[in-house]
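In: Need a 3D model of the following:
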Amino acid sequence: MTATAIQRCGWAGNDPLYMTYHDEEWGVPIADDRKWFEKILLDSAQAGLSWITILRKRENYRQAYANFDYQKVARFDAKKVEELLANPGIVRNRRKIEASIKSAQAFLRIQDEFGSFNDYVWRFVGGTPKVNYWSSLSELPAQTPESTALSKDLMKRGFAFVGPTICYAFMQAGGMVNDHLITCFRHQELVKMMENR
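Out: Next comes the predicted model:
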């Protein structure tokens, strides 16, 4: 299939970076804790900004945040915070940077309690992706009861910048919810992927 011949969700637009993210990553179920940490760190950084802004900075975040190694990030100190605040490649917001370190620490506590963050987070959708059948972007909710429950639990455990809307974006990106439109080529591909697991 050529890039022009396939039908995507409208939000993917014409930006090659955004289209690749849509085609290869968004909505694919995650099982790896490091990938989960990357998603939650980047989604938290996104709060109040557009996702494409963060996507364009992702490689800078990868370098700044030790390749999303949550064990290393959990040990970042005040000196490291100042270093991150001086890094033009990421969002230089003190509250978000400090929250990312606290979130890494909370991430480790969840691993201790549940064995993995993956085991913890999938509980919020009963262990399997929820498949939706939307025909237009206007039908997609900004948040759901599941994302609200996840948000409350994450905040209780020490995470920040994880409101219900951010959590729903996190759930969509991590494949907990298949929110590709039914007209999008990825919707059925992901349904088949899960059937063949």
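
In: Show me how far the least confident helix or strand in the chain by mean pLDDT is from its chain's centre.
Out: Least confident helix or strand, the chain: helix 185-195 with a mean of 91, by mean pLDDT, DSSP states H and E. Remark: helix 185-195 is offset 19 Å from the chain centroid, using C-alpha atoms, centre = their mean, to the nearest Å.

In: what's the next secondary structure element after the strand or helix carrying residue 83?
Out: Using DSSP states H and E, residue 83 sits in helix 78-85. Next in sequence after helix 78-85, counting helices and strands by DSSP H and E, comes helix 94-114.

In: and that next one, what does it pack onto?
Out: Helices and strands touching helix 94-114, as assessed by 3 or more C-beta pairs under 8 Å, 6 or more residues apart in numbering; DSSP states H and E, comprise helix 33-46, helix 70-73, helix 78-85, helix 117-122. For every residue, glycine as well, the C-beta is placed using N, CA and C.

In: that older thread, which residues sit against the least confident helix or strand of the chain?
Out: 1, 6-9, 22-23, 26-29, 128-129, 131, 175, 178, 180-181 (C-beta atoms under 8 Å, 6 or more residues apart in numbering).

In: do the same with stretch 54-65
Out: With contacts defined as C-beta under 8 Å, 6+ apart, stretch 54-65 is touched by 17-18, 21, 38, 41-43, 45-46, 68, 73, 84, 87, 89-91, 100.

In: can we see that at 7 Å?
Out: Stretch 54-65 is contacted from outside by 17-18, 21, 41-42, 45-46, 68, 73, 84, 87, 89-90, using C-beta atoms under 7 Å, 6 or more residues apart in numbering.

In: ok, so of those, who is nearest residue 33?
Out: residue 68 (9.8 Å; C-beta to C-beta).

In: What about that closest one, how many residues nearby?
Out: Around residue 68 there are 21 other residues, counting by other C-beta atoms under 10 Å.

In: separation between the closest residue in space to it that isn't next to it in sequence and residue 11?
Out: Leaving aside its chain neighbours, residue 68 sits nearest to residue 38 (4.1 Å; criterion: C-beta to C-beta, 6 or more residues apart in numbering). Using C-beta to C-beta, to the nearest Å, residue 38 is found at 20 Å from residue 11.

In: between those two, who's got more neighbours?
Out: residue 38 (21 against 13).
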